[in-house]
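Q: Following is a predicted model, sequence given first.
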Amino acid sequence: MTDPRKWTRIAALAVLVPGAALANGAAITGEEIAAALVANDVVYDQIGWERHLENGRLVSRSLESPFGQTSVGEWRIEGDARCLRWTRAMDWACYRVEIEGDTLRFIDEMGNVSAGRLEPR
C-alpha cells in the first residue's frame, strides 16, 4: 500500500528544489504551501508577480498597468489553503493549492484556476 504522506513530501520537494516535477499535480499541505510561498515568488506570465512575506504581508505587482502598480495585502494559511485579502475591510478569499513541477495553481471554491510559476528569490 502506498503511503499518502509520500506525495506530500514529493510535492514539498517539487516546490523547494528547482527542476523537481510531479506528474499529475498534487495538493500540498498548509505547512508546505507556506514554505513554498515564502521561498519563492509566484510569477504570472504577462500579468505580474506576487511575493508572500513571512510576516503575512502580500506584495503584488501588475505588469498590465501603465506604471507597474504595486499592491500590498495580507495572506495566511487556513488548513491546506492559501487565503488573502487586499484590505482589512474585505473578507478573506481562500484557494486550494496544487503544484506540478514549477507550476503553482490556486483554485477557488467555484473551480476557477489561477496558474503561476514559482521562481526562487
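A: Perfect, I can see it now. Worth saying up front: this structure is predicted, and the values here are computed from it rather than measured.

Q: Residue 106: what secondary structure?
A: Under DSSP: H, G, I helix; E, B strand; the rest coil, the three-state class of residue 106 is strand.

Q: Look up which helix or strand the nearest residue to it once chain neighbours are set aside falls in, please.
A: Nearest residue to residue 106 in three dimensions, chain neighbours excluded: residue 95, at 3.9 Å (CB to CB, 6 or more residues apart in numbering). C-beta: built from backbone N, CA, C; applies to glycine. Using DSSP states H and E, the element containing residue 95 is strand 93-100.

Q: in that strand, what's buried?
A: 94, 95, 96, 97, 98, 99, 100 (16 or more other CB atoms under 10 Å).

Q: could you say what helices and strands it packs with?
A: Counting contacts by 3 or more CB pairs under 8 Å, 6 or more residues apart in numbering; DSSP states H and E, strand 93-100 is packed against helix 4-16, strand 26-27, strand 81-85, strand 103-107.

Q: any idea how far stretch 92-110 is from the chain center?
A: Counting by CA atoms, centre = their mean, to the nearest Å, stretch 92-110 is centred 6 Å from the centre of its parent chain.

Q: dump the residue contacts of the residue nearest to residue 88 when sequence neighbours are not counted.
A: Using CB to CB, 6+ apart and skipping the chain neighbours, the partner closest in space to residue 88 is residue 74 (7.9 Å). For residue 74, the contact set (CB atoms under 8 Å, 6 or more residues apart in numbering) comprises 56, 57, 58, 84, 85, 88.
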